[in-house]
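Let's see this in three dimensions:
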Amino acid sequence: RYDGADAEEVCRVDTDNSITIARPGEHGKSYTYDYVFTEGQDVVYENIGRPMLADAYEGYNVCLFAYGQTGSGKTYSVQGEGGEKQGLVPRLCNEMFAV
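Below you'll find the model as predicted:
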């Protein structure tokens, strides 16, 4: 949101998992989402990666699909930066081949 005197709301948080985006004078488009991860790569892995790996070991097909706007963090979430900031794929590989 622009902080000038003529600022108008463009993005509004409706609920804990819904936002509405609207240009001034236009009808808004609402979007819902399941969860926003803010805690770090280890939390993302525990909630997404480890359950995927468990399902794969049970014989299910699994797929990791990252979708979003340019610069939104897809590559960081999937690949990470190494060390404690490894993304999902390096963590999946490390755990899968440690067995």
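
can you tell me how far the nearest residue to residue 74 once chain neighbours are set aside sits from residue 60?
Closest residue to residue 74 apart from its sequence neighbours, by Cβ to Cβ, 6 or more residues apart in numbering: residue 66 at 3.9 Å. Every C-beta, even on glycine, is put in place using the N, C-alpha and C of the backbone. Distance from residue 66 to residue 60, counting by Cβ to Cβ, to the nearest Å: 20 Å.

Look at the two and report which has more neighbours.
Higher neighbour count among residue 66 and residue 60: residue 66, with 14 against 9, using other Cβ atoms under 10 Å.

I'd assumed residue 77 was in contact with the more buried one.
Yes - with contacts counted by Cβ atoms under 8 Å, residue 66 reaches residue 77, the gap being 6.3 Å.

How many residues are close by residue 87?
23.

Name the strands paired with the helix or strand of the chain with the lowest mean pLDDT and say parallel or antiparallel.
The helix or strand of the chain with the poorest confidence is strand 11-15; it has a mean of 81 (mean pLDDT, DSSP states H and E). Using DSSP bridges, the strands paired with strand 11-15 in its sheet are strand 18-21 (antiparallel).

Would you mind listing the buried residues in the partner strand?
Within strand 18-21, no residue is scored as buried using 16 or more other Cβ atoms under 10 Å.
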